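K.L.:
Below are the sequence and a predicted model; questions follow.
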Protein chains: 2
Amino acid sequence: MDRSPIHRVSVADQVAGILRQRVLDGELRPGSALPEIPLAASLGVSRNTMREAVRILSLEGLLKRNIHRGVTVAQLSMRDVQEIYDLRRMIEVQAIRGAKKRPPELMQQLEAAVDGYERTVRSRDWSQAVNWDLQFHTLIIHLRGNKRLENFYQKVIGELRVGMVLVDRSHNDPGALVPVHRKLYQLLSAGKLKQCADLLLQHLDDSEARLGGIMAGEIDSPARGKTARGNHKAADESSSRAAAL
Amino acid sequence: MDRSPIHRVSVADQVAGILRQRVLDGELRPGSALPEIPLAASLGVSRNTMREAVRILSLEGLLKRNIHRGVTVAQLSMRDVQEIYDLRRMIEVQAIRGAKKRPPELMQQLEAAVDGYERTVRSRDWSQAVNWDLQFHTLIIHLRGNKRLENFYQKVIGELRVGMVLVDRSHNDPGALVPVHRKLYQLLSAGKLKQCADLLLQHLDDSEARLGGIMAGEIDSPARGKTARGNHKAADESSSRAAAL
DNA sequence: ATTGCTCAATTGTTCAACACTTGACAAGCT
DNA sequence: AGCTTGTCAAGTGTTGAACAATTGAGCAAT
């Protein structure tokens, strides 16, 4: 089934990867339960293997484990969002400020991320646009060249993404952020680190404020014109996962 | 020392805690193997539970998992040390710089950490001195009030500690660092954040340089022969675990 | 010396069983 | 009714045993 170079990956890790994808894609909504027996059966693995996979994701912060009560997809509180943006400000801004060396290859990827972001926004592919958005910010972290920091950042971004699955794209305007990204790239490329860091800080504050507002309003009000509020089973359409982070 | 209201902790977590303690205490040396069957037997738990515990620690970075080859205690390279100190600089200095609010209770604990450090150094209890040292730095992180950051920092410090188990106390002079800690506390307490941050930066550079030197010199230690396994000579000379980090 | 093989040891994975919690529902009480 | 108590099903926590897959090392053959 798997055509990797060498299969040297344990099944548990693969299962964790599948679940991670589902959670990040919003297929599994925050708060929804993951019963291990049916899940294991549906993926064709044993219960122990599923438990290992769940353990991985819960340590990553994507799932929350309640002893004897099962696991659920993590749910972010407003406080969590604040914490995460506090971290993003600290990590990203520091990465910019310390970017005395800017490897050409990395800068190329950054530009590609900006282009990709603009392209997908234009074609209204919001889901992919979010990916490019996050890719841009992730590449900024790479400037520091610290693998542990990159892992941590990925984890934090993952948490943020899980919590934001419920955001409806009609609430915000990802397109407005394209110029910001491009400006960030230009400033960085020109070595104007201070200005770049300042703009980034502002950008993050802006994002946090917007998301905070959305969360406060979205608490339990589909007040907007939800076409048909009828049976919303799981894993519905992709209309509800595109916020600019 | 953690007597929670109710013991509601899974066995796997407890086992992970025991192993973590052993690794951090240097009872299990970097590079040493942890065969799961004997380990599980020695702690009186099943193999599956032991696997869960090992999974936890390997995700924390304390153990390294080689597929089909077992797990070993993580071993730090020089590059790893550089990464870790890069992170410490970034995290600790930022915590100081942003410490506009300094809760009295926290400052009290910081002072206690300095005092404890001095006291244990005086009584040549090097192992405990390292604990106070790390406690001091950990409390600095608390200034930021970000739980995710605290967890990450703990993890990083844990890694550092594992790698430094082999350092012999004769190589350095923990006592010399007492005044530095006290000065840091005083500057912080007086709100002289900039000076405090600068001193901290210098302190960390100093620590890294010293540890780097030790590692470089310690590399060609008498390479012991093959694996005389089945016999864990645990908890041997405690003289080899006291470096000021 | 190199190659190929066997073989023991260890890990990866599965399965089945049991103990323990939890939540819900029904029975019994004031 | 309102409340407690008992029972029960469902799900998780843990165990123990089994088998498959992989590795490393010793040994035979070239």
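P.N.:
Here it is on my side, so go on.

K.L.:
so is the residue sitting nearest the centre point of chain A in a helix, a strand, or just coil?
P.N.:
For chain A, the residue nearest the mean C-alpha position is A:Arg161 (3.3 Å; Cα atoms, centre = their mean). Classification of A:Arg161 using DSSP: H, G, I helix; E, B strand; the rest coil returns helix.

K.L.:
Now it: closest residue in space that isn't a chain neighbour?
P.N.:
Leaving aside its chain neighbours, A:Arg161 sits nearest to A:Leu24 (5.5 Å; criterion: Cβ to Cβ, 6 or more residues apart in numbering or on different chains). Where you see a C-beta, it was placed from the backbone N, CA and C, and this is true even at glycine.

K.L.:
residues touching the one you found, list them.
P.N.:
Neighbouring residues of A:Leu24 by Cβ atoms under 8 Å, 6 or more residues apart in numbering or on different chains: A:62, A:158, A:161-162.

K.L.:
how does it look with 7 Å?
P.N.:
A:Leu24 is in contact with A:158, A:161-162, counting by Cβ atoms under 7 Å, 6 or more residues apart in numbering or on different chains.

K.L.:
about what we covered before: what's the spacing between the residue nearest to the centre of chain A and A:Ala129?
P.N.:
13 Å (Cβ to Cβ, to the nearest Å).

K.L.:
just A:Ala53 next, same as before
P.N.:
Using Cβ to Cβ, one gets 29 Å for the distance from A:Ala53 to A:Ala129.

K.L.:
More neighbours: which of these two?
P.N.:
A side-by-side neighbour count of A:Ala53 and A:Ala129, using other Cβ atoms under 10 Å in any protein chain shown, places A:Ala53 first with 29 against 26.

K.L.:
Could you check which helix or strand contains the more buried one?
P.N.:
According to DSSP states H and E, A:Ala53 maps onto helix A:47-60.

K.L.:
follow-up on the earlier one: in what helix or strand does the residue nearest to A:Arg161 lie?
P.N.:
Taking DSSP H and E as the criterion, A:Leu24 maps to helix A:11-25.

K.L.:
got the angle between that helix and helix B:47-60?
P.N.:
Orientation of helix A:11-25 against helix B:47-60 (axes from the mean of the first three to the mean of the last three Cα atoms, to 10 degrees) gives an angle of 60 degrees.

K.L.:
Briefly note if helix A:11-25 comes near DNA strand C.
P.N.:
Yes - on the criterion Cβ under 7 Å from any atom of the strand, helix A:11-25 is in touch with DNA strand C at A:11-12.

K.L.:
show me where pLDDT drops low in chain A?
P.N.:
Applying pLDDT under 70 to chain A flags the ranges A:1-8, A:165-174, A:218-245.

K.L.:
What segments of it are helices?
P.N.:
A:11-25, A:36-43, A:47-60, A:78-97, A:104-122, A:126-142, A:147-163, A:178-189, A:193-218 (DSSP state H).

K.L.:
follow-up on the earlier one: the helix holding A:Leu24 and DNA strand D, any residue contact?
P.N.:
No - residues of helix A:11-25 contacting DNA strand D under Cβ under 7 Å from any atom of the strand: none, with a closest distance of 10.3 Å.

K.L.:
Restricting the selection to alpha carbons, write that helix to PDB.
P.N.:
Extracted in PDB, the C-alpha atoms of helix A:11-25 (Å, rounded to 0.1, in the frame of the first residue of the first chain):
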ATOM      1  CA  VAL A  11       2.400   1.500  11.800                       C
ATOM      2  CA  ALA A  12       1.600   3.500  14.900                       C
ATOM      3  CA  ASP A  13       3.400   6.500  13.400                       C
ATOM      4  CA  GLN A  14       1.500   6.100  10.100                       C
ATOM      5  CA  VAL A  15      -1.800   6.000  12.000                       C
ATOM      6  CA  ALA A  16      -0.800   9.100  13.900                       C
ATOM      7  CA  GLY A  17      -0.100  10.800  10.700                       C
ATOM      8  CA  ILE A  18      -3.500   9.900   9.300                       C
ATOM      9  CA  LEU A  19      -5.300  11.100  12.300                       C
ATOM     10  CA  ARG A  20      -3.200  14.300  12.500                       C
ATOM     11  CA  GLN A  21      -4.200  15.000   8.900                       C
ATOM     12  CA  ARG A  22      -7.800  14.500   9.600                       C
ATOM     13  CA  VAL A  23      -7.700  16.700  12.700                       C
ATOM     14  CA  LEU A  24      -5.800  19.500  10.900                       C
ATOM     15  CA  ASP A  25      -8.100  19.300   7.900                       C
END
